[in-house]
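Peer 1: Have a look at this prediction, sequence included:
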Amino acid sequence: MLGALNVVKPTGWTSSDVVVKLRWLLREYCGDKKIKVGHLGTLDPAGSGVLPIVFGKATRLFDYYVGGDKLYRATFTFGKTTDTLDSYGVVTDTSNVIPEIGDLQNAIGNFIGVLDQIPPQYSRIAVDGKRACDVARSGGVVDIKSRKITVFSIDILQYNSGVIMLDIHCSGGTYIRSICRDLAESLGGLAYMSSIIRLSNKSFHIENTVTIDELYEKGVADFILPVDELLKDEVSVIVKGDEVSNLMNGINIPARGYDTDYVVKIDGKIFGICKDENEVVKVLIRLW
């Protein structure tokens, strides 16, 4: 058994808190006390919004979803910064530089496209076997290398008294707190991320979310999403005939001619995610 819930994470909760809270409900629903339950992409405690919760073999989609596109709505407050780069941190510096809207509009263009980004010190990135956030909490500093990200678009929604609200469409692995830090620094000032909501995570969208309270009040049965819903936006390939047993038994079948990952279906059911490699089909994630 496998499936998902499109849950809205409350501000102040960790993503793991949500998993723990819903694990019992999902295991009762499945009738399996040991079935795996997880999420498909961490949200910081300060953030709220879309948090896909999955169970069964759908937990194997974690890496696939982590790398997928996200849409965030965030506010940046100029004039000071914090150690965590968000509202949960301790103020570490202040600045009198409050940019004009025209300056922001001009600067934002530099943060769209393929970028090298340095994640925050307070992040769960592992360096030499230690989480950067754990080192930071103990007073240390980690040498975090820059990484490639893609920002597809940044739309200014409003700007008032040094607080800007933005919609940011970006690749997985993008730190919105780092965009806040770097945008302010490019204008000679300081800022921290004062709020963030994840509006979408691949095929999961905020308008279709369910709250934790609703799940406890009504049960999970009416809110379970099939695995097809998780992968509805992906290229789909149907495998038939002798190729079915070959694929399921690890025997090579010919490549399908795609330069992207694709979903393989057998008899209308999703087998897994595959890609073409060396003229054969390579299974990346097997769901049954």
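Peer 2: The structure has been received and is ready for your questions.

Peer 1: who does the longest strand seen in the chain touch, helix- and strand-wise?
Peer 2: The longest strand of the chain (DSSP state E) is strand 147-160. On a contact count with 3 or more CB pairs under 8 Å, 6 or more residues apart in numbering; DSSP states H and E, strand 147-160 meets helix 101-108, strand 113-117, strand 163-170. To be clear about C-beta, it is placed using only N, CA and C from the backbone, and glycine gets the same treatment.

Peer 1: For that strand, list the C-alpha coordinates in CSV.
Peer 2: The C-alpha coordinates for strand 147-160 follow below in CSV (Å, rounded to 0.1, in the frame of the first residue of the first chain):
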residue,chain,number,x,y,z
ARG,A,147,26.0,25.0,-5.0
LYS,A,148,24.2,25.4,-8.3
ILE,A,149,20.5,26.4,-8.0
THR,A,150,18.0,27.7,-10.5
VAL,A,151,15.6,30.6,-9.9
PHE,A,152,13.0,30.6,-12.6
SER,A,153,11.2,33.8,-11.5
ILE,A,154,10.8,36.4,-8.7
ASP,A,155,7.7,38.5,-8.6
ILE,A,156,7.4,41.5,-6.3
LEU,A,157,3.9,41.5,-4.7
GLN,A,158,4.2,44.5,-2.4
TYR,A,159,6.8,46.7,-0.7
ASN,A,160,6.1,48.9,2.3
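
Peer 1: in it, what's buried?
Peer 2: Going by neighbour count (16 or more other CB atoms under 10 Å), the buried part of strand 147-160 is 149-151, 154, 159.

Peer 1: now do stretch 18-37
Peer 2: If you call a residue buried by 16+ other CB under 10 Å, then stretch 18-37 has these buried ones: 18-19, 22-23, 25-27, 29-30, 35-37.

Peer 1: domain assignment for the chain?
Peer 2: Annotated domains of the chain cover 3-67+203-230, 70-201, 236-286 [automatic domain parsing].

Peer 1: Make TSV from these and add mean pLDDT to it.
Peer 2: Output for the domains of the chain, formatted as TSV (pLDDT from 0 to 100):
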stretch	mean pLDDT
domain 3-67+203-230	93
domain 70-201	92
domain 236-286	93
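
Peer 1: Can you check which helix is longest in this protein?
Peer 2: Ordering each helix of the chain by length in residues (DSSP state H) puts helix 15-30 first.
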